[in-house]
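K.L.:
need a structure here:
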Amino acid sequence: MQILRSGSISPSDVVEREKQDVDLNDIDNDTLEDIMNNSPTPKLPDPENNKQKQILNKLNHISAEVIFIGIKDSKTDILLNIKNKAGVYMFFNLVNGDMYIGSSIKLDRRFRVHLSSIGSVNLPLYNALNKYGLNNFVFLILQYCDPVEELCLGLEQSYLDMFKPNYNLLKLAGSSQGFKHSPETIAKLKKLHTGNLHPRFGTKASDEQKALTSLALRKYYEEHDHHSKGKRGKLSPQFGKGGTKITMLDEQGTILTFPSINSTRLHFRVRFSTISKNINNSININGVKWSITTSNSVKKYVF
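P.N.:
All right, here's what the predicted structure looks like:
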């Protein structure tokens with residue numbers, strides 16, 4: 001999977017690829033549910049790993065209005081909390097600690113547009129969501145604010161400067177959305193919207209928030225061992241995805257089809273190489289001779 005770096009794409013390319021935060025790109029909640037159900041479900045990281053402890057500690061020190069651990073499982077709570085609200089948000093990767101920061105005058109719409117881009121928009125955030133899985137991401141509302149574009153952008157720029165998030169290729173607030181504000185204008189907005197309008201900038205997470213975040217993380221990892229753990233064959237959510245389609249034909253004319261080599265070897269309880277190395281050949285499996293082909297149309301084989 002290609003992860004784009006800041007030197008490999010121009011600002012105009014980012015604007016062109018990014019789905020704009022407009023009603024035209026919004027999706028309904030049923031479509032959002034389908035996207036989430038069809039998203040990859042990689043294994044959760046080990047919270048006892050030293051590197052993972054550092055990443056969780058990093059998350060623990062981010063001051064936020066609200067934190068949702070595991071985007072897929074928290075979808076309903078997220079949408080309820082951000083409906084008809086404006087503010088600055090963050091996607092935080094629990095596997096590597098990388099972040100994305102954005103803002104919107106309609107947070108619920110922006111959230112849905114982001115997730116609708118998974119698998120269709122080739123930018124770092126969406127590649128990472130697809131690679132690591134939604135439940136390996138935390139969604140944070142860094143600060144709610146009035147639904148005024150200039151206010152959102154000024155606050156967003158302050159957070160961009162503070163956290164320097166890796167998934168943001170463009171470091172100018174709103175630039176990926178095609179806003180025409182110059183760096184000078186953004187700097188003025190940032191200065192204008194500090195102080196009382198930006199109480200979290202330059203502050204640390206409170207001890208109470210740290211305790212609540214730690215408790216939520218601990219509970220999440222206790223309850224969310226990989227939800228597909230132990231599921232094999234057809235029960236696995238990744239069953240046959242992206243695999244080589246296999247057709248098996250025996251001497252009595254029985255035809256079995258499988259979506260991948262792996263699903264075939266699981267059915268017959270043989271090694272992966274037993275199938276992969278005998279495509280377009282015949283082999284004996286438990287006393288039965290089978291012909292193996294990747295063709296959709298089964299030919300007549302001479303045994």
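
K.L.:
so where's the chain shaky on pLDDT?
P.N.:
Scanning the chain for pLDDT under 70 picks out 1-11, 15-16, 174, 177-183, 185-203, 225-242, 295-303.

K.L.:
try 80
P.N.:
For the chain, the stretches with pLDDT under 80 are 1-17, 171-206, 221-243, 295-303.

K.L.:
ranges for the helices of it?
P.N.:
Ranges of helices in the chain, per DSSP state H, are 11-17, 29-37, 50-60, 75-82, 107-116, 124-132, 149-163, 183-192, 207-223, 261-268, 272-276.

K.L.:
For the ones you listed, could you give me JSON lines that also reports distance to Ile141 and mean neighbour count?
P.N.:
Where C-beta positions appear, they are placed from N, C-alpha and C, glycine not excepted. As requested, the helices of the chain are exported to JSON lines (distance: least, C-beta to C-beta, whole Å; neighbours: other C-beta atoms under 10 Å):
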{"stretch": "helix 11-17", "distance to Ile141": "24", "mean neighbour count": "14"}
{"stretch": "helix 29-37", "distance to Ile141": "18", "mean neighbour count": "13"}
{"stretch": "helix 50-60", "distance to Ile141": "14", "mean neighbour count": "15"}
{"stretch": "helix 75-82", "distance to Ile141": "7", "mean neighbour count": "16"}
{"stretch": "helix 107-116", "distance to Ile141": "7", "mean neighbour count": "21"}
{"stretch": "helix 124-132", "distance to Ile141": "17", "mean neighbour count": "21"}
{"stretch": "helix 149-163", "distance to Ile141": "11", "mean neighbour count": "22"}
{"stretch": "helix 183-192", "distance to Ile141": "19", "mean neighbour count": "16"}
{"stretch": "helix 207-223", "distance to Ile141": "13", "mean neighbour count": "14"}
{"stretch": "helix 261-268", "distance to Ile141": "41", "mean neighbour count": "20"}
{"stretch": "helix 272-276", "distance to Ile141": "45", "mean neighbour count": "16"}
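
K.L.:
So which of these is nearest Leu170?
P.N.:
Each of those has some distance to Leu170 by C-beta to C-beta; the shortest is helix 11-17, at 5.6 Å.

K.L.:
picking that back up, distance to Ile292 for the helices of the chain - can I get that in TSV?
P.N.:
TSV is the format used below for the helices of the chain (distance: least, C-beta to C-beta, whole Å):
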stretch	distance to Ile292
helix 11-17	41
helix 29-37	32
helix 50-60	42
helix 75-82	42
helix 107-116	39
helix 124-132	31
helix 149-163	53
helix 183-192	61
helix 207-223	42
helix 261-268	8
helix 272-276	6
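
K.L.:
Which among those helices is found nearest to Lys171?
P.N.:
By C-beta to C-beta (comparing all of these), the closest turns out to be helix 149-163, at 5.7 Å.

K.L.:
Remind me what that closest one packs against, helices and strands.
P.N.:
Judged by 3 or more C-beta pairs under 8 Å, 6 or more residues apart in numbering; DSSP states H and E, helix 149-163 is in contact with strand 86-93, strand 99-104, strand 137-145, helix 183-192.

K.L.:
Which of those sits closest to Lys75?
P.N.:
Lys75 lies closest, by C-beta to C-beta, to one member of the helices and strands packed on helix 149-163: strand 137-145, at 9.4 Å.

K.L.:
Which residues outside that closest one are in contact with it?
P.N.:
With C-beta atoms under 8 Å, 6 or more residues apart in numbering as the contact definition, strand 137-145 has outside contacts at 59, 62-71, 74, 78, 81-82, 85-94, 101, 107, 111, 129, 151-152, 155, 159, 197-200.

K.L.:
before we move on, what about stretch 283-292?
P.N.:
Residues from elsewhere that reach stretch 283-292 (C-beta under 8 Å, 6+ apart): 246-251, 268, 270, 274-275, 278-282, 301, 303.

K.L.:
Try it again at 6 Å.
P.N.:
Met248, Leu249, Asp250, Glu251, Phe268, Asn278, Ile279, Ser282, Tyr301, Phe303 (C-beta atoms under 6 Å, 6 or more residues apart in numbering).

K.L.:
how close does the residue most central in space within the chain sit to Val14?
P.N.:
For the chain, Leu129 is the residue whose C-alpha lies nearest the centre (C-alpha atoms, centre = their mean; 1.7 Å). Distance of Leu129 to Val14, computed by C-beta to C-beta, to the nearest Å: 17 Å.
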